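[1] Can you look at this prediction? I've put the sequence above it.
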Amino acid sequence: MPATFFRPILAAALLFNFATAHAQLVDRTRAPNAADEGIAKSLEQQVGADRGDRYTPESSAFIIARDPFRAIRRGRQIFQRKFALTDGQGSLALNGRGDIASNLAIGAGMTDSCAACHGRPRGAAGAGGDVATRPDSRDAPHLFGLGLREMLADEITSDLRDLRAQALAAARAGSGPLTVELVSKHVRYGSLTAMPDGSVDTSRVVGVDADLRVRPFFAHGGKISIHEFVVGALNDEMGMQAVDPELAAAQAGGRMVTQSGMVLDGALDRLEAPPATRPDQDPDHDGVANEVPRSLVDYLEFYLLNYFQPATYKVTRNVQRGRALFDKVECNGCHIADFTLNRDRRVADVQTAYDRGRGNFNHLFATATALFRPVADGTPFFPLKPPKLEAFEVKNIFTDFKRHDLGPNFYERNYDGSMRREFMTLPLWGVGSTAPYGHDGRSINLTEVILRHGGEAQRSRDAFAALGEGRQEAIVDFLGSLVLFPPDDTASNLNAGDRTAAGFPQYGHGSIRLQALYNDPSDPE
């Protein structure tokens, strides 16, 4: 579906006066106010008919399949929601006591909203939080482009495992061991040797576990899916237990396909079990059961799958010079700019860039493009809107989906006394908005975090250090052009804003207004 699909909707969007959304939202059904600000639907309305299926109205499966932009927005509202103790927020089971080396949730803290850790820029699934899950702390990363990271990592995993399977088949059919290079999307993961007896020597595999599963989430590469990430964060950071029997079955060796299309197979991968499998369970003993029904996890996962990529700020001559120098000192050896995604599960893409003429806040303007196709299924309901599942070019991500040893300056102490030495290559998109830097927030600016590199990055670090001050500043300017943005304050082709509006810029500044794309835009979330 071409980008022009969204153009007529802009006019329709202006017919509705939707309230501007903010970071960490109150529930206005619980806390009504004269400004009419906050989440329009109660928590019970957001839960709806739980997961259901595509024929069950008000279920997450139904809304994701038939009204996907409402599903994304509902996920966003749940992400920003300030949960209450009566909802089950907090945990009587932890109370700051226990063996933190085996239960890092003790150091995760108890927040009342996802946006408490991922809330900057305002209203975004951004950065800003810090947790004591390690002695030197961990900073909460931004979540822009999270779905693209999940999908790319999953495709790389499939490629690597296909190479292993082909090598094993050839070794069994041949007369001896067979060594193959592990390469996917131009990234090298070392090699493995397949034996005729079906065993595999993985001693020369690099940057990924021996099971060849790329785990894109957490600084050390801990989880494979947004679904697991959501379930774990709700429990560890908010004390809210998700009820997820399907994930439990997958963790035990079964297989599930999430409502966002991610395949979780416990026979192939190590998965994290959910804290609850039945609605009547109360694992944290706070008197509240069924704290996070399956539908809430589905909406959060779908929201993050489709979450926007970071933006590109003004590309000056010095920024262009910095990009060239970035490549010259070989930072691009690990921070690879672009990847091709073969099968995109998102329903839309949003590209955000510097636009002095149309950008009302921060001089940024966003352009949304549809990636779904309407499919009538012979029911009285709205048509299905599945993703087209086409290829997509991911630009300016700057990562290689590998673990690296960056030297002692990046090593991390664990509570059990051990030392972590390898970390995933941080995607650099958005890095201009996320100071301080490093997984622990110890580096105060971009220059310092570059100079902090060692180990496998020592050569590039030394090449940067040898540059003159002006050239170093050009690289920093380039990195500074890779920015995050507040979606509700960023004009777009869905709501361009009006600088002549009364009360501008509190009103009329424009936004990425997904409400315009609902089946019924008059029904707010």
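    All right, it came through fine.

[2] tell me the contacts of the residue nearest to Asn33 when sequence neighbours are not counted?
    Distance criterion Cβ to Cβ, 6 or more residues apart in numbering; nearest residue to Asn33, sequence neighbours excluded, is Val26 at 7.9 Å. (C-beta placed from N, C-alpha, C; glycine too.) Residues near Val26 by Cβ atoms under 8 Å, 6 or more residues apart in numbering: 33, 37-39, 82.

[3] would you turn those into JSON lines with distance to Val347?
    JSON lines is the format used below for the contacts of Val26 (distance: Cβ to Cβ, whole Å):
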{"residue": "Asn33", "distance to Val347": "33"}
{"residue": "Glu37", "distance to Val347": "28"}
{"residue": "Gly38", "distance to Val347": "26"}
{"residue": "Ile39", "distance to Val347": "22"}
{"residue": "Lys82", "distance to Val347": "28"}
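
[4] could you pull out the strands for the stretch 251-400 of the chain?
    255-257, 263-265, 311-312, 339-341, 348-354, 364-370, 392-394 (DSSP state E, counting those that start in this stretch).

[5] how much space is there between the residue nearest to Arg215 when sequence neighbours are not counted and His439?
    Excluding the flanking residues, the one nearest Arg215 by Cβ to Cβ, 6+ apart is Gly221, at 4.1 Å. According to Cβ to Cβ, to the nearest Å, Gly221 and His439 sit 11 Å apart.

[6] Next, show the common contact partners of those two.
    Phe423.

[7] Hmm, Arg70 is touching Ile63, no?
    Yes. If you go by Cβ atoms under 8 Å, Arg70 and Ile63 touch, sitting 5.8 Å apart.

[8] ok, these two, which is more surrounded?
    Neighbours were counted for Arg70 and for Ile63 using other Cβ atoms under 10 Å; Ile63 has more, 28 against 22.

[9] so how far is the host helix or strand of the more buried one from its chain's centroid?
    In the assignment (DSSP states H and E), Ile63 maps to helix 60-66. Here helix 60-66 is found 21 Å from its chain centre; the criterion is Cα atoms, centre = their mean, to the nearest Å.

[10] List of residues touching that helix?
    Under Cβ under 8 Å, 6+ apart, the answer for helix 60-66 is 48-56, 70-71, 74, 259-260, 294-295, 298-299, 302, 381-386, 519.

[11] ok, 7 Å please
    Helix 60-66 has contacts (Cβ atoms under 7 Å, 6 or more residues apart in numbering) with 48, 51-54, 56, 70-71, 259, 295, 298-299, 302, 381-382, 384-385.

[12] okay, now Ala173: neighbour count?
    Quick note: Ala173 (other Cβ under 10 Å) scores 9 neighbours.

[13] Please state the backbone phi and psi of it?
    Backbone torsions of Ala173, given as degrees, to the nearest 10, read phi -80, psi -20.

[14] Could you report the pLDDT at the spatially closest residue to Arg499 that is not a sequence neighbour?
    Nearest residue to Arg499, sequence neighbours excluded (Cβ to Cβ, 6+ apart): Asn360, at 6.3 Å. Asn360 is assigned 93 on the pLDDT scale.

[15] Equivalent analysis for Thr133, please.
    79.

[16] Run a quick neighbour tally on it.
    20.

[17] Gly75 versus the most centrally placed residue in the chain, what's the distance?
    Here the mean C-alpha position of the chain is nearest to the C-alpha of Leu146 (Cα atoms, centre = their mean), at a distance of 2.3 Å. Distance check for Leu146 against Gly75: by Cβ to Cβ, it reads 12 Å.

[18] where do the contact lists of these two overlap?
    By Cβ under 7 Å, 6+ apart, no residue touches both Leu146 and Gly75.

[19] Sketch out the strands for the stretch 51-200 of the chain, chain order is fine.
    Using DSSP E, counting those that start in this stretch, strands in the stretch 51-200 of the chain cover 118-120, 127-128, 130-131, 138-139, 178-184, 187-194, 200-201.

[20] Could you list every helix and strand in contact with the third one?
    Applying 3 or more Cβ pairs under 7 Å, 6 or more residues apart in numbering; DSSP states H and E, one finds that strand 130-131 contacts no other helix or strand.

[21] go with 8 Å
    strand 138-139 (3 or more Cβ pairs under 8 Å, 6 or more residues apart in numbering; DSSP states H and E).

[22] Quick one: mean pLDDT for the strand it packs on?
    On average, strand 138-139 scores 88.

[23] ok, back up a step: please produce CSV containing the contacts of Val26, extended by pLDDT.
    Shown next, in CSV, are those (pLDDT from 0 to 100):
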residue, pLDDT
Asn33, 95
Glu37, 91
Gly38, 94
Ile39, 96
Lys82, 95
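
[24] just so I know, which of the strands of the stretch 51-200 of the chain lies nearest Ala276?
    strand 130-131 (22.4 Å; Cβ to Cβ).

[25] List the contacts of the closest one.
    For strand 130-131, using Cβ under 8 Å, 6+ apart, the contacting residues are 107-109, 117, 137-140, 237, 441.

[26] So how do I select the buried members of the residues you listed in ChimeraX?
    The ChimeraX command for the buried members of the contacts of strand 130-131 (criterion: 16 or more other Cβ atoms under 10 Å) is given here:
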select :107,108,109,117,138,139,140,237,441
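
[27] from the contacts of strand 130-131, which two are the most distant?
    Greatest spatial distance among those (Cβ to Cβ): Glu237 and Gly441, at 16.7 Å.

[28] tell me the contacts of Leu192?
    Contacts of Leu192 by Cβ under 8 Å, 6+ apart are 164, 167, 179-180, 182, 200-202, 204-205.

[29] again with Pro275
    Here Pro275 is in contact with 231, 235, 241-242, 283-284 (Cβ under 8 Å, 6+ apart).

[30] Please report phi then psi for Gly510.
    Note on Gly510: its backbone torsions stand at phi 90, psi 160 [degrees, to the nearest 10].

[31] How about Gly129, nearest residue that isn't a chain neighbour?
    Spatial nearest neighbour of Gly129, excluding adjacent residues (Cβ to Cβ, 6+ apart): Cys117 at 2.7 Å.

[32] The one you found contacts Ala125, correct?
    No. Cys117 is beyond contact range of Ala125, at 10.0 Å (criterion: Cβ under 8 Å).

[33] re the thing from before, by neighbour count, sort out the buried ones in the contacts of Leu192.
    Buried among the contacts of Leu192 by 16+ other Cβ under 10 Å: 164, 167, 180, 182, 200, 202, 205.

[34] Backbone dihedrals for the last one, please?
    It stands for Val205. Dihedral angles (degrees, to the nearest 10) for Val205: phi -80, psi 130.
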